[in-house]
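**Student:** The following block contains a protein sequence and its predicted model.
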There are 4 protein chains.
Amino acid sequence: MRIGVLTGGGDCPGLNAVIRAVVRKGIEVYGHEVLGFRNGWLGAVEDQVRPLGINDVEDILTRGGTILRSSRTNPYKIEGGVPRIKENLARHRVDALVAIGGEDTLGVAKRLTDEGLGVVGVPKTIDNDLAATDYTFGFDTAVHIATEAIDRLRTTAESHHRALVVEVMGRHAGWIALHSGLAGGANVILVPEKPFSVEKVCELVQRRFEREYAPIIVVAEGAVPEGGAEVLQTGERDAFGHVRLGGVGTWLAEEIAQRTGKESRAVVLGHTQRGGTPTAYDRVLATRFGLHAVDAVHEGDFGTMVALRGTDIVRVKLAEATAELKTVPLKRYAEAEVFFG
Amino acid sequence: MRIGVLTGGGDCPGLNAVIRAVVRKGIEVYGHEVLGFRNGWLGAVEDQVRPLGINDVEDILTRGGTILRSSRTNPYKIEGGVPRIKENLARHRVDALVAIGGEDTLGVAKRLTDEGLGVVGVPKTIDNDLAATDYTFGFDTAVHIATEAIDRLRTTAESHHRALVVEVMGRHAGWIALHSGLAGGANVILVPEKPFSVEKVCELVQRRFEREYAPIIVVAEGAVPEGGAEVLQTGERDAFGHVRLGGVGTWLAEEIAQRTGKESRAVVLGHTQRGGTPTAYDRVLATRFGLHAVDAVHEGDFGTMVALRGTDIVRVKLAEATAELKTVPLKRYAEAEVFFG
Amino acid sequence: MRIGVLTGGGDCPGLNAVIRAVVRKGIEVYGHEVLGFRNGWLGAVEDQVRPLGINDVEDILTRGGTILRSSRTNPYKIEGGVPRIKENLARHRVDALVAIGGEDTLGVAKRLTDEGLGVVGVPKTIDNDLAATDYTFGFDTAVHIATEAIDRLRTTAESHHRALVVEVMGRHAGWIALHSGLAGGANVILVPEKPFSVEKVCELVQRRFEREYAPIIVVAEGAVPEGGAEVLQTGERDAFGHVRLGGVGTWLAEEIAQRTGKESRAVVLGHTQRGGTPTAYDRVLATRFGLHAVDAVHEGDFGTMVALRGTDIVRVKLAEATAELKTVPLKRYAEAEVFFG
Amino acid sequence: MRIGVLTGGGDCPGLNAVIRAVVRKGIEVYGHEVLGFRNGWLGAVEDQVRPLGINDVEDILTRGGTILRSSRTNPYKIEGGVPRIKENLARHRVDALVAIGGEDTLGVAKRLTDEGLGVVGVPKTIDNDLAATDYTFGFDTAVHIATEAIDRLRTTAESHHRALVVEVMGRHAGWIALHSGLAGGANVILVPEKPFSVEKVCELVQRRFEREYAPIIVVAEGAVPEGGAEVLQTGERDAFGHVRLGGVGTWLAEEIAQRTGKESRAVVLGHTQRGGTPTAYDRVLATRFGLHAVDAVHEGDFGTMVALRGTDIVRVKLAEATAELKTVPLKRYAEAEVFFG
């Protein structure tokens, strides 16, 4: 059997661990061959391919990024994209694909399965917002990095009687904000799932200052204020045409400064959250995903995606897998609220 | 309501996060008072007690150890121990206890519940060997530390053509060895659940050397060789009466050196695995355990223990909770074996 | 003898280590008493004072920030500021002061010495830009944090074929950029000491892409382009009146994107660089500074500042100490240039 | 010009950074070629050689160990060793060698220089015990790792009322013990330069317990008790013929337990101290050493070694360089003593 593997979408610590597990188990246990397609679906369309042997995956377990590189290419939006994928797979006699990626990559995987290709998906979203799996790899690393930053910022804030607003990733779901906020002992946590009251935030900030401590506010990049004040998001262009660094975080820091009269600063963690060596947790999860994906391929159980349920790796249908965004449930969020103020 | 809290048994990163959550939610949400008993059940017997307010738990989230200190005292083995606990609780008008600890501490909690005291348990075992919960806090931190050590040892081993044996915690269950071995890319992982063949280990070591890489062997302190060679465990006294540092790990390193003719070294991680600041994962889990424990107390749901199931915190009966040791299932272990050699 | 101690200016990992060393050696070796003034010179003016005993400095060695808090108050700019300092010192029978701070704090220390007060200075600048000492504490920690961030960003950049611009601290001197750039293997390092050519930067970026690697550009916040393009600095207000996060770094990332047609992103490390636990190097240096400062006080050698020369701690005159900014010598910078491109 | 490079002796974080700097500056600035000899002097004798280009040193800056591997071979102890080195260098038309290593490697370098070969030395000793240079790379990393371990152990010790003895590297000089002890806030620091009184250590331990804190004792592996009690060193064989893990550290922990009646544990950090990614400090120092070594080679200034003096890299004669062991001066050690108890 010859197995193709590719990584699509934004990068995420643990991608290399999945690739390594697919290659090692595919070759050593099942005796298959493995081909890597570079740059996600783009490489499948344009025939950017390299064989992957045991030596190619030596030493990659600890490395961030992906040795196969990535792209956001959707072959269904390229004239002749899908037929060329079929040709390329046929020419290289690839029997099945392991597609590692997020909603978009897995959506393509699903459609290709419907057209008769043998695809198994491995979920990847640093935001942890996929309903079909308890956790995705990369998320623990992002939370770890954000928490370390909060730990560092706390003493600075206190030494200078300042409020510090930390903007973390999370456009549609507040998981990174919730977990890093809980782990870092933030005084306020703001998530996209629930518009926030600037007034209430300022009250909590004041109360914290009164107790002689400095407030830390963790805000997901996708959080929005109540009443719909227009806030540019990180990465959008402002009225000058400049790309903004810091959206809701910098906006909120200014609001706090104006309303409370206290010094207030924003820190935007940005790309540091998604790079570098994965945590042990993510290495284990990504490795297990890879091992189980190659099992599914070996058994010909296509159109499926591997997922974590409790402590077990299970298979779910690709169709279900991408159907639903997993947002922070208000109940779980309420648990965290006790730490407000 | 007045709630007592205590920590028993070996220490574990995350204990302070539990205490903090109990105190904050107990006081701020429910309006209860919280008393801390020092040194585990010993403090309950000897009336070592301190009130715990919001300020007492400020800044402890990130700290290892336990501000309440700990002991291994079993009040059932002390003449008059249990009656004195009852007296002390009555005198301080303590309505309920949150007991944070392992098998022994929770066993006492169960018996006290049977005698009519209101106790809620929070599980604590760095070895992650409690069947009633998916994970326990402290485990992720231990795996993180062991993995960092393996990452560091790898380059040393390769520069010197050496085999390195890393002895990690785990007397009865191999979870730390399994997870840190997977995360660190170990070539051999040995767990207490399955006696190991020294011969096979040496074969794998040789094969690894032939590929020009240096082998890393991760071994749980409770792992034993097939055929029952007598191996002293870390902490036991040798024939000279000296306490041994390094049991099966140092023994195995010598066996490998003798049988393969290659240099071989042992590293025993010891107490560094259970100290220091918890990982973000453990801080979140410990905090959630604390929040849910105080909910159970508030609702008068005594004789229960909080536990993790998937992504939810649930309550289980104390009686069940301590009934079964959770060992590494052979199936899960077999997943790891693909990386052997 | 009664010794006062205060910390002024921006915070810096290692301040608590200095305080601890002053307190411990002052009390345990010399039998003196120590008083802490809060909030820098402000506390000396407004009589915000607390006694510091051995227990007060237990556990602070590893903590960032300063237990004495800090401010940027200059008593010479406050009506009656200096006389009130004299009164307060007299009332508390303080014989001498240890003033820990940067250029401004030490400038005040010098003037107070000229007026007859007994002051010994301890230099503090995270930017390492003080000519009188080989290194200042806090610098190594800042470089460590920036280097970790660069390590993390590298794999992301490569997986996505992106240029990454990392903006680090350094308004007037490029030490943090130079050291973290060298340590992180940056492809371009830009410092305030030498205006940079955007064109040349883009050439180097292109060349790097051609070799299939992604370029990392480290830029000090005070670096400026040749020809004087107007670039807002981090913290300044833009035409809308909004505080900017990211100055030259975000500007340069946009220039690179426009000129090379490649994706380019900026990361602004900001306050994370100056908070949190100090590195071992900084703890040792700060501790030694504190020990030697209290020696100088004990010997009545006022008007001096402790400094590092090679491996020795020496004393220099406060007058000289603050006279000269230490910028990166072009020769040292040229050493680094080999790594360009 | 064709330049050979090799690494000898025990490994040390930063070796790869030196190699990278030699290769990059040698090729890109001077237009030379670079050859790597594998396994130290053994590779020069046995002609184990590989060309080193720019791509070979991509990505190695952050990696511990040495891509050239290492050995402790002394060619003067091999029949015909030196003539074969000369032959091999001649055959490959190697004009000069950069030899990176400790006392032994540099001793060989010196003798080869005397015989007319062009050699430039780069000092490497993780113990920092070379008098000719202020610091050597690898030392800061070792201190960093030991300090992190001490930070972790402190909370464990306090939660359990235990004394913890941490055995760190340092056979002949106590630099690692001194710096990590200072940085970790150890209560007792024991170095090879000064035999220690077990009685005094126990007094300090007792005093610390009385203040309700747990004592941390940092001991260099080469430290010896007064009166010459015979203590096996780590790595030596005991009376059973077993290799000992933990020498003076485990011995001392038992003595403390017996004499004070308190629980006492030993932790032996071992090989983790010398592996893994170098700190930013070590990466910068090692890179600068490499850049300056290739300058010396280019200028034909053979028989020299690069060294750090203050903030400058200088050249010293190989003859002087290895003449003297740099031990901890008693004065510097006395500075630390204030923290005793």
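**Tutor:** Received, thanks. Numbers count the residues shown, from 1 in each chain, chains lettered A, B, ... in the order given.
**Student:** wait, does stretch A:127-139 contact chain B?
**Tutor:** Yes - Stretch A:127-139 is in contact with chain B by CB under 8 Å from any CB of the partner chain, via A:D134, A:Y135. C-beta here means a position set from N, CA and C on the backbone, and glycine is covered the same way.
**Student:** Would you map the strands across chain A?
**Tutor:** Using DSSP state E, the strands of chain A run over A:2-7, A:33-37, A:49-51, A:96-101, A:119-123, A:163-168, A:188-190, A:216-220, A:264-268, A:304-309, A:312-317.
**Student:** by contact count, what packs against the fourth one?
**Tutor:** Helices and strands touching strand A:96-101, by 3 or more CB pairs under 8 Å, 6 or more residues apart in numbering or on different chains; DSSP states H and E, are strand A:2-7, helix A:15-24, helix A:103-114, strand A:119-123, helix A:280-298.
**Student:** would you turn these into TSV with distance to D:L42, mean pLDDT and mean neighbour count?
**Tutor:** Formatted as TSV, the helices and strands packed on strand A:96-101 follow (distance: least, CB to CB, whole Å; pLDDT from 0 to 100; neighbours: other CB atoms under 10 Å in any protein chain shown):
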stretch	distance to D:L42	mean pLDDT	mean neighbour count
strand A:2-7	40	98	26
helix A:15-24	32	97	27
helix A:103-114	49	94	21
strand A:119-123	45	97	29
helix A:280-298	35	97	26
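**Student:** In the stretch 151-300 of chain A, what residue lies closest to chain D?
**Tutor:** The nearest approach of the stretch 151-300 of chain A to chain D comes at A:T277, 9.3 Å away (CB to the nearest CB).
**Student:** does A:E103 really touch A:T322, like I thought?
**Tutor:** Yes - using CB atoms under 8 Å, A:E103 is in contact with A:T322, at 5.3 Å.
**Student:** got any residues that touch both of the two?
**Tutor:** A:L130 (CB atoms under 8 Å, 6 or more residues apart in numbering or on different chains).
**Student:** Double-check the residue of the stretch 151-300 of chain A closest to chain D against A:T62; I have them as touching.
**Tutor:** Yes - counting by CB under 8 Å, A:T62 is a contact partner of A:T277 at 5.0 Å.
**Student:** and those two? which has more neighbours close in?
**Tutor:** A:T277 (23 against 20; other CB atoms under 10 Å in any protein chain shown).
**Student:** Tell me who's in contact with the more buried one.
**Tutor:** By CB under 8 Å, 6+ apart, the neighbours of A:T277 are A:P13, A:T62, A:R63, A:G64, A:T141, B:D151, C:R152.
**Student:** Now intersect those residues with the helices, please.
**Tutor:** A:T141, B:D151, C:R152 (DSSP state H).
**Student:** and the gap between the first one and D:R63?
**Tutor:** Spatial separation of A:T141 from D:R63 under the definition CB to CB, to the nearest Å is 20 Å.
**Student:** now the last one
**Tutor:** C:R152 sits 16 Å away from D:R63, going by CB to CB.
**Student:** Equivalent analysis for A:E263, please.
**Tutor:** From A:E263 to D:R63 the distance is 42 Å (CB to CB).
**Student:** quick one: which of those two has more around it?
**Tutor:** Higher neighbour count among A:E263 and D:R63: D:R63, with 20 against 15, using other CB under 10 Å.
**Student:** Can you give me the separation between the closest residue to that one other than its chain neighbours and D:I126?
**Tutor:** The spatial neighbour of D:R63 that comes closest, neighbours along the chain excluded (CB to CB, 6 or more residues apart in numbering or on different chains), is D:N16 at 5.2 Å. Remark: distance between D:N16 and D:I126 (CB to CB) = 15 Å.
**Student:** ditto for A:A307
**Tutor:** 46 Å.
**Student:** Can you pick out the residue with more neighbours from the two?
**Tutor:** Set side by side, A:A307 and D:I126 show more neighbours around D:I126, with 27 against 24, by other CB under 10 Å.
**Student:** dump the residue contacts of the closest residue to A:A173 other than its chain neighbours.
**Tutor:** If the residues on either side of it in the chain are set aside, A:A173 comes closest to A:D129, at 3.8 Å by CB to CB, 6+ apart. By CB under 8 Å, 6+ apart, the contact set of A:D129 is A:H172, A:A173, A:W175, A:L325, A:K326, A:T327.
**Student:** on that earlier part again, next up, the contacts around the residue nearest to D:R63.
**Tutor:** So D:N16 contacts D:V57, D:I60, D:L61, D:R63, D:G64, D:G65, D:T66, D:I67 (CB under 8 Å, 6+ apart).
**Student:** and if we set it to 10 Å?
**Tutor:** D:N16 makes contact with B:155, B:159, D:7, D:57, D:59-68, D:277-278, D:283, D:286, D:290 under the criterion CB atoms under 10 Å, 6 or more residues apart in numbering or on different chains.
**Student:** and if you look at A:L164?
**Tutor:** A:149-150, A:153-154, A:156-158, A:186-187, A:214-218, A:249, A:253, A:256, A:263-267, C:270-271, C:275.
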